[in-house]
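**Q** here's a sequence, model it:
(chains A and B)
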Amino acid sequence: AQSVTQLGSHVSVSEGALVLLRCNYSSSVPPYLFWYVQYPNQGLQLLLKYTTGATLVKGINGFEAEFKKSETSFHLTKPSAHMSDAAEYFCAVSRAMGRDDKIIFGKGTRLHILP
Amino acid sequence: DTGVSQNPRHKITKRGQNVTFRCDPISEHNRLYWYRQTLGQGPEFLTYFQNEAQLEKSRLLSDRFSAERPKGSFSTLEIQRTEQGDSAMYLCASSLTPEQFFGPGTRLTVL
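**A** This is a model prediction of the structure:
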């Protein structure tokens, strides 16, 4: 079975400060890992994904995440927060192979940007 | 290609009524997924199709729920005898690769 734990349902950072959203996963098989962002009353937009290869992945809007197998983590970072980054962020996992490729989502972290 | 579309965007219904939602995936995508998202939670998997075949259904999908994808293109999700607990955002996604592209969702409110 696969699962995702996001640490902190709410995170507040000042504009211009580092953004760090934490995600730990559990998977009995090699995982694919994702970060999605959701703005109010909208669907989910993919920020970045890890499938294979380089463990540091870069995404849109200046976000990046590092896959650390030994720590079963996939934390999301951005060097300098913008007001427009305020949204809900979801970490997610799926199986790397086989038919069962549904995505399992964490409960989300709401990011607040302080002026 | 305008992405995944879902209709209606909002649906308000009375308890006991039936509702049907539609999802139009990105045209070349052979996989289509339905998720449900309640307030303060992440999306939860309901079911998915590869072409017209429904390959998996979550235990969240009670007997009152049925999904179809008759020609391997658009899909419908029907909820019969709606209950207040069905109030949620229903999200559709499609994919060709591990990356899933999500539609804007249909927000269902059951009064």
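**Q** just for chain B, where's the confidence low?
**A** For chain B, applying pLDDT under 70 flags the ranges B:1.
**Q** which residue does it bring closest to chain A?
**A** Proximity to chain A, evaluated over chain B using C-beta to the nearest C-beta, is greatest for residue B:42 at 3.3 Å. Placement of C-beta: from N, CA and C, glycine included.
**Q** now the most centrally placed residue in chain B: which helix or strand?
**A** Centroid-nearest residue in chain B, with C-alpha atoms, centre = their mean: residue B:34, separated by 3.8 Å. Assessed by DSSP states H and E, residue B:34 sits inside strand B:31-37.
**Q** restricting to C-alpha, output that strand in PDB.
**A** This file holds the C-alpha atoms of strand B:31-37, laid out as PDB (Å, rounded to 0.1, in the frame of the first residue of the first chain):
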ATOM      1  CA  ARG B  31      -6.600   6.900 -19.200                       C
ATOM      2  CA  LEU B  32      -9.300   8.700 -17.300                       C
ATOM      3  CA  TYR B  33      -9.700   9.000 -13.500                       C
ATOM      4  CA  TRP B  34     -12.300  10.200 -11.100                       C
ATOM      5  CA  TYR B  35     -11.400  11.600  -7.600                       C
ATOM      6  CA  ARG B  36     -13.500  13.100  -4.800                       C
ATOM      7  CA  GLN B  37     -12.300  15.900  -2.700                       C
END
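**Q** distance from it to the middle of the chain?
**A** 5 Å (C-alpha atoms, centre = their mean, to the nearest Å).
**Q** parallel or antiparallel, list what pairs with it.
**A** Its sheet considered, strand B:31-37 pairs with strand B:44-50 (antiparallel), strand B:88-95 (antiparallel) by DSSP bridges.
**Q** which residues sit against the last one?
**A** For strand B:88-95, the surrounding residues in contact (C-beta atoms under 8 Å, 6 or more residues apart in numbering or on different chains) are A:43-44, A:101, A:103, B:4, B:6, B:21, B:23, B:25-26, B:29, B:31-38, B:43, B:75, B:77, B:100-103, B:105-108.
**Q** show me what the nearest residue to residue B:68 once chain neighbours are set aside is bridged to.
**A** Leaving out its chain neighbours, the residue that sits closest to residue B:68 by C-beta to C-beta, 6 or more residues apart in numbering or on different chains is residue B:76, at 5.4 Å. Note on residue B:76: beta-bridge partners by DSSP bridges are residue B:22, residue B:68.
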